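Chemist: Quick one, fold the following:
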Amino acid sequence: MATKQKIYMAGSGGMLGEAFYKQFKKNYRLKCTDKDVNEDWLSFLDFRDHKEYRKDVLKFKPDYLFHLGAYTDLEYCEKNAEDTYLTNTIAVENAVYIANELNIPLLYISTAGIFDGKKELYDDWDIPNPLGVYARSKYMGERYVAENARRFLICRAGWMMGAGPKKDKKFIQKLMKQLKEGKKELFIVNDKDGTPTFTHDFAKNVKALLEKEYWGLYNMVCGGQTSRLEVAEELLRILNLSERVKITSVKSDHFKDIYFAERPPSERLINRKLELRNLNLMQDWKSALQQYIDQYYKGYLD
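Modeler: Numbering: from 1, shown residues only. Just a heads-up that it's a prediction; the model follows:
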């Protein structure tokens with residue numbers, strides 16, 4: 001029987017790492033690391049430490065290097081620019097050095113947030129124009145990989161959802177937490193458009209590209225174009241709470257004290273390259289949201 005190929009997954013302690021671990025563990029030998037060891041399948045590594053990162057990867061001798069982790073809290077990034085660039089940009093450059101030294105492909109996760117939102121939709125070939133520290137740090141990581149890695153996959157995610165209450169720090173969990181606290185009114189912005197991305201769909205689609213060896217840059221979001229407001233309405237419908245919980249739509253300014261980092265009005269991506277390669281496995285965002293709630297939130301609101 002052929003030996004399983006090996007993947008080193010750096011920064012895999014978050015919501016994306018959980019999905020990648022579950023989707024890849026059956027067919028590959030994995031080494032999963034993070035600076036926050038919150039699972040029994042994780043071991044400690046701070047990938048900002050280039051020397052330790054290189055040593056750990058070289059010791060494992062992987063066939064692929066997945067660089068998954070990043071700071072994604074926009075407000076933290078605005079207030080801590082040096083730490084953000086070290087984590088989201090310099091560490092990515094280090095990953096490129098390591099992957100090139102081993103002559104193995106590198107996976108880098110990018111984001112819809114690198115665009116300025118002046119267009120309604122962005123395909124894989126639109127030129128990014130990042131607005132804040134987070135977006136700049138991610139875009140500079142993306143550019144470095146594209147310009148310097150020998151073989152790479154850059155996959156751009158949208159509004160991420162996955163891993164449930166334990167690890168999801170994004171929009172869905174923020175709403176679920178308010179509902180669990182008994183809130184009867186949700187204030188939702190009506191001026192932000194984007195595309196949800198279920199972590200498991202994302203990991204499955206990465207796997208398909210990897211196995212076909214279709215290297216390059218890909219938008220990778222769920223199907224359908226939507227908004228924060230519509231996502232919130234759909235969530236209440238799934239939970240059968242539409243009659244009991246009121247949604248009040250507000251402008252982003254309503255939250256300007258909490259969410260002061262600039263965000264593009266539109267982060268809507270289309271998976272043009274995946275479609276052209278006939279390899280778009282991403283399901284419609286409504287189906288993905290239903291699946292996410294069914295899988296991770298059973299009994300959460302009881």
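Chemist: thought residue 69 was touching residue 36?
Modeler: No. Residue 69 lies out of contact with residue 36 (Cβ atoms under 8 Å); the separation is 9.3 Å. Bear in mind the C-beta positions are built from the backbone N, C-alpha and C, glycine included.
Chemist: can you give me the strands in the stretch 51-200 of the chain?
Modeler: All strands of the stretch 51-200 of the chain, identified by DSSP state E, counting those that start in this stretch, fall at 64-67, 106-111, 152-157, 159-161, 185-189, 193-194, 196-198.
Chemist: and what of the stretch 201-302 of the chain?
Modeler: In the stretch 201-302 of the chain, the strands defined using DSSP E, counting those that start in this stretch lie at 216-219, 226-227, 246-250.
Chemist: what about residue 254, neighbour count?
Modeler: 15 (other Cβ atoms under 10 Å).
Chemist: what's the span of stretch 104-118 from first residue to last?
Modeler: Start-to-end span of stretch 104-118 (Cα to Cα, to the nearest Å) is 37 Å.
Chemist: Which stretches in the stretch 101-250 of the chain count as helices?
Modeler: Using DSSP state H, counting those that start in this stretch, the helices found in the stretch 101-250 of the chain span residues 133-148, 171-180, 199-212, 228-238.
Chemist: before we move on, back to that, can you redo the strands of the stretch 201-302 of the chain as JSON lines with mean pLDDT?
Modeler: JSON lines is the format used below for those (pLDDT from 0 to 100):
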{"stretch": "strand 216-219", "mean pLDDT": "98"}
{"stretch": "strand 226-227", "mean pLDDT": "94"}
{"stretch": "strand 246-250", "mean pLDDT": "97"}
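Chemist: TSV for these, including distance to residue 234 and mean neighbour count?
Modeler: Listed next are the strands of the stretch 201-302 of the chain as TSV, based on distance: least, Cβ to Cβ, whole Å; neighbours: other Cβ atoms under 10 Å:
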stretch	distance to residue 234	mean neighbour count
strand 216-219	22	20
strand 226-227	8	20
strand 246-250	11	14
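Chemist: May I see these organised as CSV, with distance to residue 295 added?
Modeler: As requested, the strands of the stretch 201-302 of the chain are exported to CSV (distance: least, Cβ to Cβ, whole Å):
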stretch, distance to residue 295
strand 216-219, 24
strand 226-227, 20
strand 246-250, 24
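Chemist: Go through those and name the closest to residue 13.
Modeler: With Cβ to Cβ, the closest approach to residue 13 among those belongs to strand 216-219: 24.1 Å.
Chemist: Can you name the residues in contact with that closest one?
Modeler: For strand 216-219, the surrounding residues in contact (Cβ atoms under 8 Å, 6 or more residues apart in numbering) are 110, 112, 122-124, 142, 146, 152-156, 209, 269-274.
Chemist: and those residues, which are buried?
Modeler: 110, 112, 122, 124, 142, 152-156, 209, 269-274 (16 or more other Cβ atoms under 10 Å).
Chemist: circling back to that earlier point, figure out which of the helices of the stretch 101-250 of the chain is closest to residue 302.
Modeler: Nearest to residue 302, of the helices of the stretch 101-250 of the chain and by Cβ to Cβ, is helix 171-180 at 9.4 Å.
Chemist: now that closest one, how far from the centre of its chain.
Modeler: 18 Å (Cα atoms, centre = their mean, to the nearest Å).
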